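[1] Any chance you could fold what I've pasted below:
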Amino acid sequence: MTWMCVAVLLLWTSRGRCTAAANTSNLIEYTAEGFSEKLSSGKTFFVYFGHQVSPTISLFLVQLEKSAEALHDYGISVAKVNCSREPVAKFCPGEKLMKKAYLFRSGEVLKGFDVGTVFDVNAIVSHTLFAILFEEVRYVQSDADLQALERTARGKTDMVLGYVQMLGTQEHRSLMEAVFVYGAKYQFILTTGGPILENLGVSPSSRSSGVWFLHCRLLQGSRTSERCPVTPMSKVLSTLHLYSFLQLMEAPLVSEVYDDPSSIPPPPSSHLQTPQLFLFSRPATEHLDLDTARALAWRLRGLALLLLVHRESPAVKTPEEYNAAYRLPGPGSEVKYLTLTNLDEVVDLFANRERENEEEEEEEDKVTREERKRERECVCLPPDVLDDEIGESVYRNRGLSLDMDAVAQLTSHSFHAAVTQSSHTVVLFYLKWDAVSMAFLSSFIEVAERLADSEVADVQMCVVDCGEWTDLCATQPISSHLAPFQPITAFPSVLLLRPQDSSQRYSGMLGSDALHRFIMLSRPASPVLLSTQEEVTSFLQEVPLSDLIPDLPDRVLGLFKTHTHSAVPVFTEAAKSLRGEVLSGLLTDRLAERWAADHSVDLPVVLVFPSWRTHPSPLPLSSSAEDLITHINTALLHTLPELTVENLPSFLSPGKAVLLLFVGEAEDERGRRENEAAVEEMRGVAERGGRRTEEYLVCWIHLGRTPAGISVLEWYLGSLPPLPALLLTHLPSGGQIYHYPPNTPVVLRSVLHWLQRIEDGAEPPAGTMGEDHWAPVVPFYDFLSVMDQEAPGYAQQRTPKSKEKKKSKEEEEDEERRRRRRKKRDSSPSTPPLHSEL
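    Numbers count the residues shown, from 1 in each chain. Modelled structure (predicted):
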């Protein structure tokens, strides 16, 4: 499996002084001694010194391994050193996340690179070759710099000028690979823009990467003011195109032949994509024909190979009426004959063909890109790429208008009347300009359509646009019983309203399935009054609305001696708070006493029936509804819960460290038994771990049923390890990630011993969760900063005066420094406002 190979490469598990990875990778891992030996050899090699692995570092390591194969062709080794095992003096400073790589040559550091600079294989190869060949590549920006190089090269060597928009790209790599091969033959010049492009005739609107060949060797003994003739490469800059272009520049300007064009073979392999042009010469005008052919060859340099055919040869059979012929590239291409009246006709012929080829290539590339994006369910985003999945989904659907027929659009005038018309009114409060609101609005409409198709008549689905009806969304709780709710401050928000009852806020996942389940479980009364044994049996055993709710709900049963017991209001309040999540029932009198006797409990008591277990868990009555809700939620938790996308937020909300077992899809019966055994061992850890596991959330995830876990596991470790894999993460003390030793059986005693080693500080972490944050895509997208500069303090979050805390001395000093910087910036007339580009 591919992921298994990647895991071997990235988990730093190889041993030995200078051993390679377990597969055929060219990436080497050195110990401190092995690194010293390599350094003393004087050879050139690229090394990354690492400690812990973060998501950014893990991606870099994948690219580092790819670059090892590419740089191996140039005699350059690529390696890594694990500083957590054996630090190397000077290069392992002790930081947790190390983001520096070094290029060594002749026992010394030739250049150091930040990981953000050598971010992929193209950047690693291009920057490495650029550093090694630095003396062979001249960098220019102005035409004066180019003229100075032309004067030096005149009569000595030709020059190759390459323009790349940015260093570290595929184009930069192609150019540097050409320098490695042809650096001794040509003088290479590099530019990244500037006035020199205008002098080369490059349009500002089409400044893509390009190459120009300067024929300076022909100017020996000529006037010093004469510029070197320039031939542009018409194709896009790539390694293959650049190689073919340089081969064309080495070909003769004009080749003289004495055979008929039909018998002349096509161009050699290096010129396969180059057409041939045949001009015919007569003995009487031989010198004039040769001069004409040379003049035309200069105009077609890089576009076609020109051959001058001597008609006096008996092998030439072309009729006299034709004075030119051409053969296009491609297998089986035939020679076509024509009669020319001027040279511009043939120039236009090949120039137009080249433009058509470029347009076809661009169209093919465009189609290929669109197909790939469709396969990945992506869209073509604007230049300022959206870096948020919710924002991206809204952008993708920006041209689609939602069908709002299934929901009622309420206003300040129609809201209260609408709430009284139905026993259940579900209201979505949203903002049109909020990405999450618009993404959830489509799910909300989908739920409304499902309820309509199922003929659920007692639920009314409504929406309120708080950007338009701000008075309704910001209303204070009213004394009327129509629809009391607190002001809406978070978007999107969903409230379930019932006449003569308080509102209930939906706090589940923002998806159609979760919202649909919440609505269906909120329809029955909470708690349901049960007066007969048949009603109790039906409540506990039957699946209500089984066609609408696919999985079993949790149930809670309250048992009291009488309806007037003092604890009944506490249970009723807790049941109403849990409405939509569990089904609750109430038993009193003799029926409650009989149930209490059957389960050997004393009244009053609360019996919790989790959906994953047949027998109930008895709970004593609490003094408050909040405490009772906490006890019920705890009793509903599975001993060893299986994590899914839907339940993950609820499990992470308590803030416990997560002891998580990843199991994969079993390929055979043996694999299935191994997965079951690992899960059972983890259940033993959860049940019998005692104090050692109380502070952990012990859980597992099945990567076959929840494929999103694959990305989570890869994000944690940087690659996919052998499965099953056990990780300890989300520790309150920091972002360390601990990985149970791979290929070690998951058994109770070994896991507890491993956890003890972690507590004692004897187990090194396998990685660290980076401090990633969502920054603005570009500086002028930081709207809060813009608002603060226009009106200082306007965009800062405010708190009521009663809740304001006294600022610390450090905070006051930071605020004073910001105030001085704003004052200095505002007083500078040359500094444009930050929002000038919006």
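[2] end-to-end on stretch 255-273?
    Using Cα to Cα, to the nearest Å, one end of stretch 255-273 lies 18 Å from the other.
[3] actually stretch 147-161, not the one I wrote
    Counting by Cα to Cα, you get 12 Å between the two ends of stretch 147-161.
[4] Show me which positions of that stretch end up buried.
    Residues of stretch 147-161 classed as buried under the neighbour-count rule (16 or more other Cβ atoms under 10 Å) are 149-150, 153-154, 158-161. Every C-beta, even on glycine, is put in place using the N, C-alpha and C of the backbone.
[5] Out of those, list just those in strands.
    For the buried residues of stretch 147-161, membership in strands holds for 159-161, with DSSP state E as the criterion.
[6] of the buried residues of stretch 147-161, closest to residue 443?
    residue 161 (55.5 Å; Cβ to Cβ).
[7] Was I right to think that closest one contacts residue 209?
    No: Residue 161 is beyond contact range of residue 209, at 11.6 Å (criterion: Cβ atoms under 8 Å).
[8] In CSV, list the buried residues of stretch 147-161 along with pLDDT and distance to residue 70.
    Output for the buried residues of stretch 147-161, formatted as CSV (pLDDT from 0 to 100; distance: Cβ to Cβ, whole Å):
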residue, pLDDT, distance to residue 70
149, 88, 30
150, 87, 33
153, 87, 30
154, 86, 36
158, 90, 27
159, 92, 26
160, 92, 21
161, 91, 25
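[9] Make TSV from these and add distance to residue 28 to it.
    Listed next are these as TSV, based on distance: Cβ to Cβ, whole Å:
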residue	distance to residue 28
149	39
150	44
153	40
154	46
158	39
159	38
160	34
161	37
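[10] mind checking pLDDT for residue 775?
    Residue 775 is assigned 51 on the pLDDT scale.
[11] Return the helix or strand where residue 681 lies as CSV; C-alpha atoms alone will do.
    Using DSSP states H and E, residue 681 maps to helix 669-688. Backbone C-alpha positions of helix 669-688 (Å, rounded to 0.1, in the frame of the first residue of the first chain) are rendered in CSV as follows:
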residue,chain,number,x,y,z
GLU,A,669,-11.4,-12.6,8.6
ARG,A,670,-8.0,-12.4,10.3
GLY,A,671,-7.9,-8.6,10.0
ARG,A,672,-11.5,-8.4,11.4
ARG,A,673,-10.5,-10.5,14.4
GLU,A,674,-7.4,-8.4,15.0
ASN,A,675,-9.5,-5.2,14.9
GLU,A,676,-12.1,-6.6,17.4
ALA,A,677,-9.3,-7.8,19.7
ALA,A,678,-7.7,-4.3,19.7
VAL,A,679,-11.1,-2.7,20.4
GLU,A,680,-11.8,-5.1,23.3
GLU,A,681,-8.4,-4.4,24.8
MET,A,682,-9.2,-0.7,24.7
ARG,A,683,-12.5,-1.4,26.4
GLY,A,684,-10.5,-3.0,29.2
VAL,A,685,-8.3,0.1,29.4
ALA,A,686,-11.4,2.2,29.8
GLU,A,687,-13.1,0.0,32.3
ARG,A,688,-10.1,-1.2,34.4
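[12] Counting neighbours, which bits of that helix end up buried?
    The neighbour-count check on helix 669-688 (16+ other Cβ under 10 Å) flags 674-675, 678-679, 681-686 as buried.
[13] Run through the residues that contact the spatially closest residue to residue 273 that is not a sequence neighbour.
    Using Cβ to Cβ, 6 or more residues apart in numbering and skipping the chain neighbours, the partner closest in space to residue 273 is residue 329 (5.1 Å). Residue 329 makes contact with 266-267, 272-275 under the criterion Cβ atoms under 8 Å, 6 or more residues apart in numbering.
[14] All the strands of the stretch 701-838 of the chain, in order from the start?
    725-729, 736-739, 767-768 (DSSP state E, counting those that start in this stretch).
[15] and of those, who's closest to residue 226?
    Residue 226 lies closest, by Cβ to Cβ, to one member of these: strand 767-768, at 61.8 Å.
[16] Give the pairing partners of the closest one; include direction for each.
    Within its sheet, strand 767-768 is paired with strand 736-739 (antiparallel), according to DSSP bridges.
[17] Make TSV from the strands of the stretch 701-838 of the chain and add distance to residue 47 to it.
    Below are these laid out as TSV (distance: least, Cβ to Cβ, whole Å):
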stretch	distance to residue 47
strand 725-729	29
strand 736-739	24
strand 767-768	20
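[18] can you put these in TSV and add mean pLDDT and mean neighbour count?
    As requested, the strands of the stretch 701-838 of the chain are exported to TSV (pLDDT from 0 to 100; neighbours: other Cβ atoms under 10 Å):
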stretch	mean pLDDT	mean neighbour count
strand 725-729	90	22
strand 736-739	87	20
strand 767-768	76	23
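[19] Those strands: which one's closest to residue 93?
    The minimum distance between residue 93 and these falls on strand 767-768, with 15.6 Å, by Cβ to Cβ.
[20] which other residues reach the closest one?
    Residues contacting strand 767-768 (Cβ under 8 Å, 6+ apart): 52-54, 58, 96-97, 716-718, 734-737, 739.
[21] Out of those, which end up buried?
    By 16+ other Cβ under 10 Å, the contacts of strand 767-768 give 52-54, 58, 97, 716-718, 735-737, 739 as buried.
[22] Just give me the closest of those residues to residue 169.
    Using Cβ to Cβ, residue 58 is the member of the buried ones among the contacts of strand 767-768 that lies nearest residue 169, at 22.5 Å.
[23] hmm, back to that, list residues touching both of residue 161 and residue 209?
    In terms of Cβ under 8 Å, 6+ apart, residue 161 and residue 209 are not both contacted by any residue.
[24] one step back: what's the next secondary structure element after the helix holding residue 681?
    Per DSSP H and E, the first helix or strand lying C-terminal to helix 669-688 is helix 691-694.
[25] on that earlier part again, closest one of the contacts of strand 767-768 to residue 406?
    For those, with residue 406 as the reference and Cβ to Cβ as the criterion, the closest is residue 716, at 41.0 Å.
[26] Can you name the residues that contact that closest one?
    So residue 716 contacts 727, 729, 737, 767, 769 (Cβ under 8 Å, 6+ apart).
[27] For residue 153, see how far away the second one is.
    This means residue 729. 60 Å (Cβ to Cβ, to the nearest Å).
[28] Equivalent analysis for residue 179, please.
    Between residue 179 and residue 153 the computed distance is 15 Å (Cβ to Cβ).
[29] tally of neighbours for residue 552?
    12 (other Cβ atoms under 10 Å).
[30] nope, residue 201 is what I meant
    9.
[31] do residue 208 as well
    By other Cβ under 10 Å, 11 other residues sit near residue 208.
[32] helix/strand/coil for it?
    The three-state label given to residue 208 by DSSP: H, G, I helix; E, B strand; the rest coil is coil.
[33] For the remainder of this discussion, apply numbering that starts at 120.
    OK, 120 is where the count begins now, so the last one is residue 327.
[34] can you give me the helices in the stretch 770-919 of the chain?
    Per DSSP state H, counting those that start in this stretch, the stretch 770-919 of the chain carries helices over the ranges 788-807, 810-813, 827-836, 867-878, 902-909.
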